[in-house]
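S.K.: My questions are about this predicted structure, shown below with the sequence.
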Number of protein chains: 2
Amino acid sequence: MVSSWLNRLNWGLATPTGRVAQLIWGTLSRNLVQSSQRRIPEFSSFIARTNTCGELRSSHLGQEVTLCGWIQYRRQNIFLVLRDSHGLVQVLIPQDESAASVKKILCEAPVESVVQVSGTVISRPPGQENAKMPTGDIEIKVKTAQLLNSCKKLPFEIKDFVKKTEALRLQYRYLDLRSFQMQYNLRLRSQMVMKMRDYLCNLHGFVDVETPTLFKRTPGGAKEFVIPSREPGKFYSLPQSPQQFKQLLMVGGLDRYFQVARCYRDEGSRPDRQPEFTQIDIEMSFVDQTGIRSLVEGLLQYSWPSDKGPVEVPFPSLTFAEALASYGTDKPDTRFGMKIVDLSDAFRDTQAGFLQEALGTPQGTVKAMCVSDGAKYLTRKDIEHIRKFAADHFNQEVLPVFPKASRNWNSPVAKLIVEERGSGLMRSMQAQEGDMLLLTAGEHSRACSLLGKLRLECADLLEAKGALLRDPARFSFLWVLDFPLFLPKEGHPGELESAHHPFTAPHPSDVHLLSTEPEKVRSQHYDLVLNGSEVGGGSIRIHDAQLQRHVLDTVLKEDVTLLSHLLQALDYGAPPHGGIALGLDRLICLVTGAPSIRDVIAFPKSFRGHDLMSNAPDFIPPEELKPYHIQVAWPTDPEAEKSSSGDPRHPES
Amino acid sequence: MVSSWLNRLNWGLATPTGRVAQLIWGTLSRNLVQSSQRRIPEFSSFIARTNTCGELRSSHLGQEVTLCGWIQYRRQNIFLVLRDSHGLVQVLIPQDESAASVKKILCEAPVESVVQVSGTVISRPPGQENAKMPTGDIEIKVKTAQLLNSCKKLPFEIKDFVKKTEALRLQYRYLDLRSFQMQYNLRLRSQMVMKMRDYLCNLHGFVDVETPTLFKRTPGGAKEFVIPSREPGKFYSLPQSPQQFKQLLMVGGLDRYFQVARCYRDEGSRPDRQPEFTQIDIEMSFVDQTGIRSLVEGLLQYSWPSDKGPVEVPFPSLTFAEALASYGTDKPDTRFGMKIVDLSDAFRDTQAGFLQEALGTPQGTVKAMCVSDGAKYLTRKDIEHIRKFAADHFNQEVLPVFPKASRNWNSPVAKLIVEERGSGLMRSMQAQEGDMLLLTAGEHSRACSLLGKLRLECADLLEAKGALLRDPARFSFLWVLDFPLFLPKEGHPGELESAHHPFTAPHPSDVHLLSTEPEKVRSQHYDLVLNGSEVGGGSIRIHDAQLQRHVLDTVLKEDVTLLSHLLQALDYGAPPHGGIALGLDRLICLVTGAPSIRDVIAFPKSFRGHDLMSNAPDFIPPEELKPYHIQVAWPTDPEAEKSSSGDPRHPES
């Protein structure tokens, strides 16, 4: 996993060699300095070194330097490679009798021990330069050395190409953090957030306000962690977002708020979710959707690492309805085509039975998608997989059609369709020789969803065979707009729930439908999508107390007493306002190309919510629960007990 | 309270008049722009206004502007003062027939309604300029107006000079936030933190790393909130600081870490403490005490608001022993003198009985403090108060002595002392006519502590009479060094506990005492004190696993299994490291001169830990606790129930 991930990160670099680590450490410091576009920080101020291991060049020749670092490796007791967070440098172990004590220290310290060395920067002998190592022209002639701390035998080597399970990496996170990719990810994250702050605070006058995390439950806040207080029966709650507080700040006249906010969501075990996560939380008064969109576009453009290519603005947008119709999802990956096309009209008088049948039902449609080079890349087995996927997940049929019949896989129905519509189909699908069409028929949104999923399945299949559809170096942003305000409540037909949250303002054109046909009301919610992942979402909020009461009370049937403070605040001169929250972990994950959000978080939890390093959560003696007036209700059902026990150090991921 | 606080903030301004609000809003924007020392942010980008209410000047004359704001007040349906976060501006309500609809909107909207107005910037008629209002030369000739939201009758007026209880302010926090002082405090906080980030991240290469807040209990973590997980009996814990994580980051090679970290401490009801608070958390590898001190001095100098005067570095320092001997406390307020002087030698052969007696006991001392102008300001009643304080809090006697006997209050003993030592006493105490000496005798640290408390009591008394000892515009930083590493465990004589935390490194000169006389070992802990408040503390940490085990196991008798991950980490090449944490709430409180940390936090808890606005913590139905396998253990003791119940909205502070 690690090596493929390195390949991805260093896209375009020469094939990794044994020297890959040196190469990469060099890239790290160069890229980070480039991307910061600022004065270069003093990395050695206040401490016991004069320079970092990664910064020495020919221009430093003759300088006396003191370096601190970890012993990366040692060769024949003559050379030693020293590593710190900034790179690698070669150290010459002195061989003369007078330096015996220095030699002893440097030759006896185990790998990954911490040493301090002082000496002179000298040229490497001609022919021994290493062009792939940023410090490859020089080495350090050591005069004095000190062992700062010795290292015991490690559970794994600190080398990026040494594979280790994620469970082992999480258990020894402090060692895993020494790896190139974790150093790179965390430093890039820090720098990108710093630039976001600069943009918001210094360029646009936003105020960074810290909001509480000891709060109370919101209506329907079943996913909120609870915290017992010292008052019997009373609990705080960890908020899923600062939503209420940021709206209250607008009422309070802090008209431009932002916060890099810690949020909490207890979803039990979910892969690639974290019980605590971070969002860039923004709210503004007197703003409309266009304003928020421009702000966020500017924010991302300004903070984007320069080595990841410029970000072009404005970002394209689609309405929710368009996204569903063309991509079968509200978070389309727009790095590649293969859009869904409606062929209902074209097939209005077809002879193909199942199409006829579908078109005869209400909202019945015929949809197709052109899989570029599908006929070229996909095997019969792949196509079987696709059909099975459609049957298993959607209980629906999908028909592969090879328009030019270059292969004899076309079923009788497909043949009939090609004979009937042949060239017209090719034209309307913009299909070429070697492509494959996937045809389905059924209710509009269901057919779109199916083809949307198959679009990604096909992309996976094609990429596994070497096609490049989703360039990891490309960043395709997309706004999705005009979501429905309400959705039918799952399991309660006839009732509605908020599509996002109850504070979202209705679309101005649809306000009149609120009392009559609320299910038809569009909202002023917007999502920001990057390469098929939702990286942000927000809305213009309701600032009218009466409208907010109507939505909570009449439409959603919520208990408004839990929100009385917010409703009251809207009564006292609340300005129109709106905002957005960007999911920072997911965003940094996409920017760095990391395989999981756990790779852009210093100390993540496993997918079961455990800290495998410290063994959290953990048992607490009953007497320590007493001040909180709670006791453990041990489950009596042995099944429940079984499923939730187990050794948390057991590899989970 | 509010008005005295305004006076303090605007120290040196003219006496507040009816126009105080205008005056202050002007100061706000000027100061904040000055103190930012950067390009001025665009406060009106992306939104429906062209300008802020506070920025318009004669240079804008003739410009067409659109403003959004709250109606501050209205005069005779002719003028209206509009307020936003940046200031106040006068708006001319049009009187001509053609603008009847505009007039209607502006005259009928209640105070604190939100309006948008468009119009032209014009000169005020000659003689009607308001020099005290930054926008006082101009007004807005309105063409169009829109009511954005109406305001119901307010629970209190949004005027700084209108007094309100703190409970009311907290209940309607969103209205209180509109006040000048809250806007100022929160904006200053945001800007100061931004400059700290700039210094750490951009100037000195620190990496901002977010550490988890769902963690596990640390040994002796009785003040840590617990969070039930979905696994029966297992709990997360909210950490009191990222201490373990920042040390693990050092082991992980992230050699310069900082975080503006949310921390949690459950101390029940404590005035001026918050269950969640923020610290500027810093850790560095390869650093010593001097390095950390220089870093922090530079940090505060760089981020200090320019209108609060420059910060001079380096800060003076005292050892813990010196601070105790001279000020009777480890956090001396060094803005004023009145130091404690040891007079043991001078009184070695005194006739005064109680001094003789004290000097005869082990560690017996005679101490005195010179209260400048004490004889001039203090009444007999004040002196009674001082003696009673000494008796009540320390069960100790304190003797007021008036060296020049200008008053006849000297007791027979005091008279004897003046006769015996008169001029020598004056010299060694640097006392002058009109001063008062406070003399006490007893064990060194006890006598110092008593005089240290009396020093502050006397300062309160003198300031109440008009003396200025502690200039609120002066900022006296002080390092306190060489704390003891261990203290006797309260209630367990013979046992030791960490003076700060068990990861603090011993002073290099005292390491040899660790096994023999641990109570004599000084630590490498340092505190930063500002005007008598502790605003930061940190230490060089133990990086040697064996030494850490010895401290935890042998000296402190702690259960090391809870810290096995940290001990293991130290074995794997942990670099020498150290750090510090600055208490941000307290620091901002001192900078702004706010009377309480609650005034520099957007949504603080009351001293009983309640959010009076939203009514948190709150009851939760038992079924919502089920997923966490806990149930409430209702107290059976009616007393306990009584003390912890009660209406949380009841004024508390």
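M.R.: Okay, I see it. Numbers count the residues shown, from 1 in each chain, chains lettered A, B, ... in the order given.
S.K.: only C-alpha atoms for contact and neighbour calcs from this point on.
M.R.: OK.
S.K.: got the residues of the stretch 551-653 of chain A near chain B?
M.R.: A:563-565, A:569, A:571-576, A:601-604, A:611, A:613-620, A:624, A:629-635, A:641, A:644-645 (CA under 8 Å from any CA of the partner chain).
S.K.: Strands along the stretch 251-400 of chain A, start to end?
M.R.: Ranges of strands within the stretch 251-400 of chain A are A:256-264, A:276-285, A:317-319, A:340-342, A:364-371, A:399-401, based on DSSP state E, counting those that start in this stretch.
S.K.: TSV for the ones you listed, including distance to chain B, mean pLDDT and mean neighbour count?
M.R.: Output for these, formatted as TSV (distance: least, CA to the nearest CA, whole Å; pLDDT from 0 to 100; neighbours: other CA atoms under 10 Å in any protein chain shown):
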stretch	distance to chain B	mean pLDDT	mean neighbour count
strand A:256-264	8	98	22
strand A:276-285	7	98	23
strand A:317-319	18	98	16
strand A:340-342	35	96	22
strand A:364-371	39	94	25
strand A:399-401	45	90	22
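S.K.: tell me, how many neighbours does residue A:436 end up with?
M.R.: 24 (other CA atoms under 10 Å in any protein chain shown).
S.K.: Sorry, wrong one. I was asking about residue A:71.
M.R.: 23.
S.K.: Secondary structure element for it, which one?
M.R.: For residue A:71, the element it lies in under DSSP states H and E is strand A:64-75.
S.K.: list the helices and strands that strand packs on?
M.R.: Counting contacts by 3 or more CA pairs under 8 Å, 6 or more residues apart in numbering or on different chains; DSSP states H and E, strand A:64-75 is packed against strand A:79-84, strand A:114-123.
S.K.: picking that back up, got JSON lines for the strands of the stretch 251-400 of chain A, with distance to residue A:411 too?
M.R.: Output for the strands of the stretch 251-400 of chain A, formatted as JSON lines (distance: least, CA to CA, whole Å):
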{"stretch": "strand A:256-264", "distance to residue A:411": "51"}
{"stretch": "strand A:276-285", "distance to residue A:411": "49"}
{"stretch": "strand A:317-319", "distance to residue A:411": "36"}
{"stretch": "strand A:340-342", "distance to residue A:411": "21"}
{"stretch": "strand A:364-371", "distance to residue A:411": "16"}
{"stretch": "strand A:399-401", "distance to residue A:411": "8"}
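S.K.: for residue A:284, what are its contacts?
M.R.: A:250, A:255-257, A:577-579 (CA atoms under 8 Å, 6 or more residues apart in numbering or on different chains).
S.K.: coming back round to it: with respect to chain B, which of the helices and strands packed on strand A:64-75 lies nearest?
M.R.: Closest to chain B of the helices and strands packed on strand A:64-75, according to CA to the nearest CA: strand A:114-123, at 5.7 Å.
S.K.: other SSEs contacting the closest one?
M.R.: So strand A:114-123, by 3+ CA pairs under 8 Å, 6+ apart, packs with strand A:64-75, strand A:138-149.
S.K.: Export the ones you listed as CSV, with columns for mean pLDDT.
M.R.: Shown next, in CSV, are the helices and strands packed on strand A:114-123 (pLDDT from 0 to 100):
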stretch, mean pLDDT
strand A:64-75, 96
strand A:138-149, 97
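S.K.: Of all these, which one comes closest to residue A:495?
M.R.: Minimum separation from residue A:495 across the helices and strands packed on strand A:114-123 (CA to CA) falls at strand A:64-75, 62.2 Å.
S.K.: partners of that closest one, with directions?
M.R.: Applying DSSP bridges, strand A:64-75 is found paired with strand A:79-84 (antiparallel), strand A:114-123 (antiparallel).
S.K.: So residue A:552 is in contact with residue A:502, correct?
M.R.: Yes - Residue A:552 lies in contact with residue A:502 (CA atoms under 8 Å); the separation is 6.7 Å.
S.K.: hmm, back to that, are any of the residues of the stretch 551-653 of chain A next to chain B buried, and if so which?
M.R.: Neighbour counting by 16 or more other CA atoms under 10 Å in any protein chain shown classes A:563, A:565, A:569, A:571-576, A:601-604, A:611, A:613-620, A:629-632, A:635 among these as buried.
S.K.: Next step: those residues restricted to strands.
M.R.: A:618-619, A:630-632 (DSSP state E).
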